[in-house]
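Engineer: From the sequence below, what's the structure:
(one chain, ligands or ions: 1)
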Amino acid sequence: MNRVPSSDATSARHAAVGLLTAVLEDRQLLSTILDAPNGPIAGLAPADRARAQRLATTTLRNVARADKCLGPHLRKTPPPYVRNLLRLSVVELCEDKAAAHGVVDTAVTLMRRRRKTARMSGMVNAILRKVALEGSDMWPSIPAQRLPKWLRGRLISAYGSDVVARIEAVHAMTPPIDMTVKGEAPAIEGSVVLPTGSLRLAQAGKVSDLPGYSSGTFWVQDAAAAIPARLLGAETGEAVLDMCAAPGGKTLQMASAGAQVTALDISDKRLARLKENLQRTKLSADVVTGDALEWRGGPFDAVLLDAPCSATGTIRRHPDLPFVKSKVDIRPLVELQRAMLNHALNLLRPGGRLVFCTCSLLPEEGEAQIDELLARHPNLKPDYAAMQADWLDDAWRVPQGLRLRPDFWADLGGMDGFFISALRKAESP
Ligand SMILES: C[S@@+](CC[C@H](N)C(=O)[O-])C[C@H]1O[C@@H](n2cnc3c(N)ncnc32)[C@H](O)[C@@H]1O
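Structural biologist: Below is the predicted model of the structure:
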């Protein structure tokens with residue numbers, strides 16, 4: 001893609017179109033593209049990078065709505081750059097309520113800068129002017145973007161269509177920033193303490209500028225993602241294995257409780273982030289690169305297994321996922337989780353605790369996994385006492401543990417979808 005050199009909103013919008021094209025046309029994950037040395041945001045000033053990312057994620061939350069708005073104005077599908085620039089501009093006009101002249105002028109400038117698109121700049125100008133006049137009125141009546149068919153069908157079977165519609169409504173919203181705090185909560189303007197103890201900040205901004213960030217008082221962690229380690233309840237001096245640990249939110253929680261944490265993960269790159277997090281928060285853990293299916297150690301007092309999964313519970317934070325993941329991804333993950341659970345039991349001492357969680361909305365990666373595990377291992381039982389805490393909402397409970405959904409706490413900004421189960425191994429086989 002051509003680089004647009006100036007450092008301003010134009011560069012950010014051009015880069016955002018590049019991000020959209022990589023996700024929607026090339027089916028690449030945003031996390032991969034954002035880190036790519038020659039990717040669309042490489043070389044941009046930090047503020048422009050942040051803006052490009054924000055524009056792209058807001059557009060990804062509203063692609064279907066933007067297409068609905070554009071539909072009457074397009075006789076045929078334009079080339080990817082033009083289509084994605086139109087989508088982005090519609091979202092800026094209708095969702096962000098950005099000033100029409102800035103959005104339209106930038107779009108026309110970007111169209112004219114590229115030889116291939118210059119001839120369509122008049123069309124883009126005309127369409128966006130119409131949308132600027134009429135789009136905002138129709139925008140609120142366009143329903144929230146639907147999940148992909150394969151996922152939607154499975155979620156309707158699991159939770160019903162009303163719940164799925166509520167989940168989709170939450171997916172359309174920009175999520176708040178949640179933080180887990182070590183010790184006393186820093187005074188951050190506008191933050192609220194959630195019933196589970198996490199701190200929530202509705203206004204997104206630069207996290208590293210917040211008070212307490214550089215001194216390591218908190219780390220960013222969705223409120224739902226903070227619950228598994230709280231259920232595990234690691235205590236001072238206990239030997240705990242965080243079996244799939246990186247980038248380390250749960251390791252930090254358990255280390256800050258005083259446990260001797262072994263943080264195991266297969267990815268060196270992700271463990272580098274875990275080490276940075278430990279350094280910033282002045283916490284310690286034994287960091288080990290290894291395959292959780294083969295690694296031997298312990299026995300541990302407790303194991304936390306936050307297994308690789310479809311990540312279908314994190315779509316509100318990662319709106320690129322529905323465009324990139326397909327249904328064929330799921331079966332090998334279910335197998336991997338099963339094998340990891342079996343191995344986790346080998347590493348656990350008799351009487352030890354196991355917490356299993358996935359950031360998935362699919363029962364195959366949660367409830368069904370636990371049903372099968374308990375059937376395979378009669379010496380393992382649900383740890384109901386661990387799941388009785390009064391800060392847990394009764395609406396989250398299922399027979400196998402906790403089922404957290406994005407539409408819970410919708411009025412507060414929702415939460416990531418998670419399945420969590422606390423279990424205990426018998427003292428004797
Ligand atoms: C859901 S993420 C873990 C998030 C982490 N627990 C946290 O709270 O920050 C799953 C992790 O599993 C790791 N992983 C995948 N396959 C693995 C394997 N065979 N052995 C160990 N780790 C693995 C991935 O690298 C990834 O970091």
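Engineer: low-scoring pLDDT stretches of the protein, where are they?
Structural biologist: By pLDDT under 70, the low-scoring segments of the chain are 1-7, 204, 328.
Engineer: Please, where are all the helices along the stretch 301-429 of the chain?
Structural biologist: 321-324, 330-346, 367-376 (DSSP state H, counting those that start in this stretch).
Engineer: next one: the longest one to chain centre, how far?
Structural biologist: Mean-position distance between helix 330-346 and its chain equals 22 Å (CA atoms, centre = their mean, to the nearest Å).
Engineer: residues touching the nearest residue to E372 once chain neighbours are set aside, list them.
Structural biologist: Nearest non-adjacent residue to E372, counting by CB to CB, 6 or more residues apart in numbering: R338, 7.0 Å away. For the C-beta atoms, the positions are set from N, CA and C on the backbone; glycine is no exception. Going by CB atoms under 8 Å, 6 or more residues apart in numbering, R338 touches Q369, E372, L373.
Engineer: what does this protein put close to the ligand?
Structural biologist: 244-250, 264-267, 270, 291-293, 306, 308 (CB under 6 Å from any ligand atom).
Engineer: Need the buried ones from those selected in ChimeraX.
Structural biologist: To isolate the buried members of the residues of the chain next to the ligand in ChimeraX, using 16 or more other CB atoms under 10 Å:
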select :244,245,246,247,248,249,250,264,265,266,292,306,308
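Engineer: Now intersect the residues of the chain next to the ligand with the strands, please.
Structural biologist: L264, D265, D306 (DSSP state E).
Engineer: Of those residues, which is the nearest to T10?
Structural biologist: D265 (39.9 Å; CB to CB).
Engineer: Give the bridge partners for the closest one, please.
Structural biologist: D265 has the following beta-bridge partners by DSSP bridges: T289.
Engineer: again, but for L305
Structural biologist: Beta-bridge partners, per DSSP bridges, of L305: F356.
Engineer: Was I right to think it contacts C244?
Structural biologist: Yes - using CB atoms under 8 Å, L305 is in contact with C244, at 6.5 Å.
Engineer: hey, what's in contact with both of those two?
Structural biologist: A292, M340.
Engineer: still on that earlier bit, please identify the most buried of the helices of the stretch 301-429 of the chain.
Structural biologist: Most buried of those by mean neighbour count (mean count of other CB atoms under 10 Å) is helix 321-324; its value is a mean of 20.
Engineer: Which strands and helices lie in contact with it?
Structural biologist: helix 9-24 (3 or more CB pairs under 8 Å, 6 or more residues apart in numbering; DSSP states H and E).
Engineer: Show me what the next helix or strand along the chain from the helix it packs on is packed against.
Structural biologist: Per DSSP states H and E, the first helix or strand lying C-terminal to helix 9-24 is helix 30-35. Judged by 3+ CB pairs under 8 Å, 6+ apart, helix 30-35 is in contact with helix 9-24, helix 46-60.
Engineer: okay if I get those helices as a markdown table plus distance to W150 and mean neighbour count?
Structural biologist: Shown next, in a markdown table, are the helices and strands packed on helix 30-35 (distance: least, CB to CB, whole Å; neighbours: other CB atoms under 10 Å):
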| stretch | distance to W150 | mean neighbour count |
| --- | --- | --- |
| helix 9-24 | 17 | 24 |
| helix 46-60 | 18 | 20 |
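Engineer: Is it possible to get CSV of these that adds distance to P406?
Structural biologist: Listed next are these as CSV, based on distance: least, CB to CB, whole Å:
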stretch, distance to P406
helix 9-24, 20
helix 46-60, 15
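Engineer: mind listing what K282 touches?
Structural biologist: G216.
Engineer: what do you get for P247?
Structural biologist: So P247 contacts R270, R273, L274, N277 (CB under 8 Å, 6+ apart).
Engineer: Around the residue lying closest to it once chain neighbours are set aside, count how many other residues there are.
Structural biologist: Leaving out its chain neighbours, the residue that sits closest to P247 by CB to CB, 6+ apart is R273, at 4.0 Å. For R273, the neighbour count with other CB atoms under 10 Å is 14.
Engineer: looking at the helices of the stretch 301-429 of the chain, which is closest to A389?
Structural biologist: Comparing those by CB to CB, helix 367-376 comes nearest, at 18.7 Å.
Engineer: What is the closest one packed up against?
Structural biologist: Checking 3+ CB pairs under 8 Å, 6+ apart, helix 367-376 ends up next to helix 330-346, strand 348-358, strand 380-382, strand 401-404, strand 418-425.
Engineer: now L361: how far from R154?
Structural biologist: 8 Å (CB to CB, to the nearest Å).
Engineer: same thing with G366?
Structural biologist: Where R154 is concerned, G366 sits at a distance of 12 Å (CB to CB).
Engineer: The two - which one has more neighbours?
Structural biologist: A direct count of neighbours by other CB under 10 Å for G366 and R154 places G366 higher, at 29 against 19.
Engineer: The more buried one contacts Q400, correct?
Structural biologist: Yes - using CB under 8 Å, G366 is in contact with Q400, at 7.2 Å.
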